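J.: can't give you the sequence, but here's the structure:
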């Protein structure tokens, strides 16, 4: 049977996390279909068709999918689930909102945040904040799965999948979006960035966070991140948060400034290729995972680093 990947999109382009989910799907060995449910989303479907590894794009275009409410998307998925052996989505906020509903409606167990695939029914996933890796086997007729994007390479482009129109399911009318406030930034999106500069409670306040880390991030072409402690203290908005209850990242370079390294934070960034930690506490847990550690006052080191970078 075929494998269905649920595309995350903005009705015009496909989000990066979907490319990682497609790579995971290719390891299952079946024909891959990509579902694009939205409103006036022909451009997103065309972009989906260009993703390598995708055999068919299913396009469902209706007004009640404009905001891709999890209730309506879940109902659509359930209506076609019998044609698929696996239903996959990236373990983003959107995927985590929709897929548990699908699993409940199908009366199957969800397999969350897989980081590896051993066979069509056996998967690897982290548990206990990433301190233990579990291998799980499912006997459910349909496997409902969310994919940890950082564990799989992004699928490239160059495909030419056929686009097939899929009739919309009924509008359940259970929720509607009244408004949306989006953080706008010219920096890379956090989960897709190759370099991330993150700050923690050690920054002291929001002014220091922006004054010291923003110029460094801009110089490196990096995204800005933060620990939960920094977010809870109000230094930055919660969409900066890296960690188990924030965003899971795995950039080429992760610079942790004034972050002690609580388990919750480490679970979100320890797969980074190179980790650099700056902290005045030599016993900080962050140094246990860091490739390079500097025990020093960040208020002296960061300006010096910026000056060295020019």
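T.: Sure thing, it's come through. Keep in mind that what you see is a predicted model, and the values were worked out from it rather than measured. Residues are numbered from 1 along each chain as shown.
J.: what helices or strands is the strand or helix carrying residue 45 leaning on?
T.: Assigned by DSSP states H and E, residue 45 belongs to helix 42-49. In terms of contacts (3 or more C-beta pairs under 8 Å, 6 or more residues apart in numbering; DSSP states H and E), helix 42-49 is packed against strand 32-38, strand 56-61, strand 162-165. Backbone N, C-alpha and C define where each C-beta goes, glycine included.
J.: just want the angle from the longest one to helix 42-49.
T.: Right, strand 32-38. Angle, strand 32-38 to helix 42-49, by axes from the mean of the first three to the mean of the last three C-alpha atoms, to 10 degrees: 170 degrees.
J.: quick one, which of the helices and strands packed on helix 42-49 is nearest to residue 135?
T.: Within the helices and strands packed on helix 42-49, the stretch nearest residue 135 is strand 32-38; the backing value is 23.5 Å (C-beta to C-beta).
J.: give the partner strands of the closest one in its sheet and their orientations.
T.: Strand pairing for strand 32-38, using DSSP bridges, gives strand 2-6 (parallel), strand 56-61 (parallel).
J.: nearest to residue 106, of these?
T.: Closest of these to residue 106 is strand 2-6, at 12.5 Å (criterion: C-beta to C-beta).
J.: what are the buried residues along the closest one?
T.: For strand 2-6, burial by neighbour count (16 or more other C-beta atoms under 10 Å) applies to 3, 4, 5, 6.
J.: mind checking what helix or strand follows it in sequence?
T.: Assigned by DSSP H and E, the successor of strand 2-6 is helix 16-26.
J.: so which bits of that following helix are buried?
T.: Buried residues in helix 16-26, counted by 16+ other C-beta under 10 Å: 17, 18, 19, 20, 21, 22, 23, 24, 25, 26.
J.: hmm, back to that, just send the helices and strands packed on helix 42-49 back as CSV, with mean pLDDT and distance to residue 69 too.
T.: Converted to CSV, those look like this (pLDDT from 0 to 100; distance: least, C-beta to C-beta, whole Å):
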stretch, mean pLDDT, distance to residue 69
strand 32-38, 97, 10
strand 56-61, 97, 13
strand 162-165, 96, 21
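J.: mind checking those for the one nearest to residue 202?
T.: That would be strand 32-38 among the helices and strands packed on helix 42-49, by C-beta to C-beta, at 42.1 Å.
J.: chain center to that closest one, what's the gap?
T.: Its chain's average C-alpha position is 18 Å from that of strand 32-38, according to C-alpha atoms, centre = their mean, to the nearest Å.
J.: what angle sits between it and helix 16-26?
T.: Counting by the same axes, to 10 degrees, strand 32-38 lies at 150 degrees to helix 16-26.
J.: need the contact partners of strand 32-38.
T.: Applying C-beta atoms under 8 Å, 6 or more residues apart in numbering, the contact partners of strand 32-38 are 2-7, 9, 11, 14, 18, 22, 25-26, 44-45, 48, 51, 53-62, 65-66, 68, 72-73, 76-77, 84, 161, 166, 168.
J.: of the helices and strands packed on helix 42-49, flag the one that's most buried.
T.: strand 32-38 (a mean of 26; mean count of other C-beta atoms under 10 Å).
J.: list the contacts of the biggest helix by length in the chain.
T.: Across the chain, the longest stretch assigned as helix under DSSP state H is helix 93-106. By C-beta under 8 Å, 6+ apart, the residues outside helix 93-106 that reach it are 6, 8, 17, 68, 70-71, 73-75, 77-78, 81, 87, 89, 109-110, 142, 144-147.
J.: repeat the analysis, applying 6 Å as the threshold.
T.: Applying C-beta atoms under 6 Å, 6 or more residues apart in numbering, the contact partners of helix 93-106 are 8, 70, 73, 74, 77, 78, 81, 89, 110, 142, 144, 146.
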